[in-house]
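A.B. asks: fold the following for me, if possible:
(one chain, ligands or ions: 1)
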Amino acid sequence: MATITGPLSGDAKNTVVEALQGALVDLIDLSLVAKQAHWNLVGSHFRPIHLQLDELTDLARAHMDTVAERCVALGSSPDGRSATVAKSTRLQQPEHGWIEDGKVVATVTDILAGVSKRMYERIRATEEADPVTQDLFITIAQDIDKQHWMFQAQR
Ligand SMILES: [Fe+2]
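C.D. replies: Presented below is the predicted three-dimensional model:
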């Protein structure tokens, strides 16, 4: 079996890998929550929110891949299994069934605020250990904050 080694080791590697795994779970579940809302949305503002939720899904999927592959490049195995996500997600889960547009906007806004907060924690946690991964989290936070703004603006 091939051995994958990266530039980090010891505590620095552990810190960075833990931050990457947390971000991976956040982003996978964000993509799932966004699709659930995309399908179950009802209300007079259906169309723009339906489309916006797919933008959010695409963004989460693109970033989850970058995060997982950074983890691999550092020589650690990312865990994107559904059971792992279900067990460790910190995202508020949308209610079962149809969701009114106002409720979707409020729920997604709150979820994005939480993801943003944790992404900032990861930016701080990786500053010394790995500025390359920190830079990745900064890019993700920028996109998450933009989405947070655009959902908030519809409240
Ligand atoms: Fe669709």
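A.B. asks: can you say which helix or strand has the residue nearest the centre of the chain in it?
C.D. replies: In the chain, the centroid-proximal residue (CA atoms, centre = their mean) is residue 27; its distance is 2.3 Å. Following DSSP states H and E, one finds residue 27 within helix 10-40.
A.B. asks: need the contact list for the residue nearest to the centre of the chain.
C.D. replies: Going by CB atoms under 8 Å, 6 or more residues apart in numbering, residue 27 touches 60-61, 63-64, 67, 115, 140. Yep, even glycine has a C-beta here, placed from its N, CA and C like the rest.
A.B. asks: go on, residue 52?
C.D. replies: Residue 52 neighbours (CB under 8 Å, 6+ apart): 150-151.
A.B. asks: and it, what element?
C.D. replies: Residue 52 belongs to helix 46-73, assigned by DSSP H and E.
A.B. asks: mean confidence score for that helix?
C.D. replies: What helix 46-73 shows for mean pLDDT is 98.
A.B. asks: before we move on, what about stretch 1-19?
C.D. replies: In this model, stretch 1-19 has an average pLDDT of 94.
A.B. asks: for stretch 144-155, same thing?
C.D. replies: For stretch 144-155, the mean pLDDT works out to 96.
A.B. asks: what residue in the protein is the furthest from its centre?
C.D. replies: Distance from the C-alpha centroid of the chain, by CA atoms, centre = their mean, peaks at residue 1 (30.7 Å).
A.B. asks: rewinding a little: okay, the residue nearest to the centre of the chain: pLDDT?
C.D. replies: pLDDT, residue 27: 99.
A.B. asks: which residue packs closest to it, ignoring adjacent ones?
C.D. replies: residue 64 (3.9 Å; CB to CB, 6 or more residues apart in numbering).
A.B. asks: number of residues surrounding the one you found?
C.D. replies: Residue 64: 22 surrounding residues under other CB atoms under 10 Å.
A.B. asks: and if you look at the one 5 residues further on?
C.D. replies: As a burial measure, the neighbour count of residue 69 was computed by other CB under 10 Å and equals 12.
A.B. asks: re earlier: need the contact list for the residue farthest from the centre of the chain.
C.D. replies: Residue 1 sits next to no residue when contact means CB under 8 Å, 6+ apart.
A.B. asks: where's residue 107 relative to residue 9, distance?
C.D. replies: Residue 107 sits 41 Å away from residue 9, taking CB to CB, to the nearest Å as the criterion.
A.B. asks: who has more neighbours, the two?
C.D. replies: residue 107 (19 against 11).
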